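Participant: model this:
(one chain, ligands or ions: 2)
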Amino acid sequence: MAPLRIASIPGDGIGPEVVSATIQVLQQLSKTLGTFEIDFTHVPWGTDYYKKNGRYIPDDALTTLRQFDAVLFGAVGAPDVPDHVSLWGLLLAIRGPLQLYANVRPVRTFPGTKSPLDTAKKGIDWMLVRENSEGEYSGQGGRSHVGQQWEAATEVAMFTRVGIERIIRFAFETAQSRPKKQLTVVTKSNSMRNGMVLWDEIAASVAKEFPDVTWDKMLVDAMTVRMVMKPQSLDTIVGTNLHMDILSDLAAALAGSIGIAPSSNLDPTRKNPSMFEPVHGSAFDITGKGIANPVGTFWSAAEMLSWLGEKDASNKLLVCIEEVCAAGFVTADLGGSCNTQQVVDAVCAEIQKLG
Ligand code: NAI
Ligand code: MG
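Facilitator: Ligands and ions are numbered 1, 2, ... in the order given. You can find the predicted model right below:
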């Protein structure tokens, strides 16, 4: 049995805490189930590396990553480095060049978490799909007359037919694979009359390939209202890089906590390794205290196993996490009193019961 080869990039802040927690859990899962082997290679990129080397990743970073089946990522960002430098230096330097164009974020009410929404008593179950390679985060633009009264800056959103079409098609396929077979396409094509109109046109055209998927479109501002007021009316949701960045944080909060939210950065063509990471950032306020919620990274790792073909192991891991959360073994952000290691131990004990 060839082991799954995983590059782990713990990064900054609580990243190393939640990644090391997850490695322990995956190793236990592999040992107990015996159906897969997993091998982690530590990759030390992050702000410490940046301070020593003047850059977040080396020249041959992409070649290095291409030797692996997948990447498990923690977080990037430090209090003494501007966020745009750390984000572009590490995360965006991987997502774009590896063409991890689909950012997939399952959001559902998890046992042991409490949604702030009354209307969500029945629970939320959404699949968010974010365009992850262009749009508002293409890096197009510049600054002129720096420091002058008349200083000017542009931030140009760039949308391509190829980029839109592939993410819309991926979203329809995702919707089609879920019981509700329902997709909502989010744009802002009333006030943004070029790129967003192209999104609408392409959505209407790709929709014809998926007659069994019910779809509608929403303007992003109205979408925030619908997510809060009628959460049950949504299932799969697709939108641009910026819009879904914001809506996915809202979604995570509505489901209960950002600490449990997972995300996958996928290359659906499978030419490049995909990258899996919790939605949260480096959380300076709790770094080093050993109290970070590891569930977002556990869940991301379950998504990783599923992507790599280990669906049974993935499902079993998710069930174990849910059992542990339901039993109240949760960290302070979910109202519990466990530290990170206690959650790890509880999940490992649950996994051992499978043996
Ligand atoms: P954040 O997600 O790091 O923290 C927001 C709040 O949520 C904090 O109060 C934090 O303690 C709490 N929190 C986050 N994850 C948690 C967990 N696992 N368990 C318990 N509590 C948790 O977002 P913030 O403060 O906006 O950003 C901090 C740094 O992280 C910045 O440098 C930012 O650029 C970076 N960042 C990096 C991301 C990434 O690597 N994908 C994503 C978001 C932010
Ligand atoms: Mg975000």
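
Participant: and the one residue in the stretch 201-350 of the chain that gets nearest to ligand 1, how far from residue 170?
Facilitator: The minimum distance from the stretch 201-350 of the chain to ligand 1, using CB to the nearest ligand atom, falls at residue 281 (2.3 Å). Backbone N, C-alpha and C define where each C-beta goes, glycine included. Residue 281 sits at a distance of 25 Å from residue 170 (criterion: CB to CB, to the nearest Å).

Participant: can you give me the helices in the chain?
Facilitator: Per DSSP state H, the chain carries helices over the ranges 15-33, 47-53, 61-65, 83-86, 92-95, 161-176, 195-207, 220-229, 241-255, 295-307, 311-326, 340-352.

Participant: for the fourth one, which positions count as buried?
Facilitator: What that stands for is helix 83-86. For helix 83-86, burial by neighbour count (16 or more other CB atoms under 10 Å) applies to residue 86.

Participant: tell me, how many residues neighbour residue 232?
Facilitator: Taking other CB atoms under 10 Å as the neighbour definition, residue 232 ends up with a count of 12.

Participant: what's the answer for the one 3 residues further on, then?
Facilitator: When neighbours are defined as other CB under 10 Å, residue 235 has 19 of them.

Participant: that one against residue 128, yeah?
Facilitator: No. The pair residue 235 / residue 128 is not scored as a contact, 10.4 Å apart, by CB atoms under 8 Å.

Participant: how about the contacts made by residue 180?
Facilitator: The contact partners of residue 180, taken as CB atoms under 8 Å, 6 or more residues apart in numbering, are 235-236.

Participant: residue 243 too?
Facilitator: Residues in contact with residue 243 (CB under 8 Å, 6+ apart) are 186-188, 220.

Participant: which pair in the residues you listed spans the largest distance?
Facilitator: Of all pairs drawn from the contacts of residue 243, the greatest distance, 8.1 Å, lies between 186 and 188 (CB to CB).

Participant: tell me the residues of the stretch 1-150 of the chain that contact ligand 1?
Facilitator: Residues of the stretch 1-150 of the chain lying close to ligand 1 (CB under 6 Å from any ligand atom) are 14, 18, 75-77, 83, 87, 91.

Participant: please flag which of those residues sit within strands.
Facilitator: residue 75 (DSSP state E).

Participant: deepest of the helices of the chain, which one?
Facilitator: Burial of the helices of the chain is given as mean neighbour count (mean count of other CB atoms under 10 Å); helix 295-307 ranks first at a mean of 26.

Participant: angle of it against helix 340-352?
Facilitator: Comparing the axes of helix 295-307 and helix 340-352 via axes from the mean of the first three to the mean of the last three CA atoms, to 10 degrees yields an angle of 40 degrees.

Participant: average pLDDT across helix 295-307?
Facilitator: For helix 295-307, mean pLDDT is 97.

Participant: mind listing what's buried in stretch 274-290?
Facilitator: In stretch 274-290, counting by 16+ other CB under 10 Å, buried: 274-283, 286-287.

Participant: low-confidence ranges in the stretch 1-150 of the chain?
Facilitator: For the stretch 1-150 of the chain, applying pLDDT under 70 flags the ranges 118-121.

Participant: hang on, the earlier thing: and the helices of the chain: which comes nearest residue 124?
Facilitator: helix 241-255 (5.1 Å).

Participant: so how far is the closest one from its chain's centroid?
Facilitator: The chain centroid and the centroid of helix 241-255 are separated by 10 Å under CA atoms, centre = their mean, to the nearest Å.

Participant: same check on stretch 273-290?
Facilitator: 11 Å.

Participant: what pLDDT, on average, does that stretch get?
Facilitator: Stretch 273-290 comes out at a mean pLDDT of 96.

Participant: could you tell me the end-to-end distance of it?
Facilitator: End-to-end distance of stretch 273-290 (CA to CA, to the nearest Å): 30 Å.
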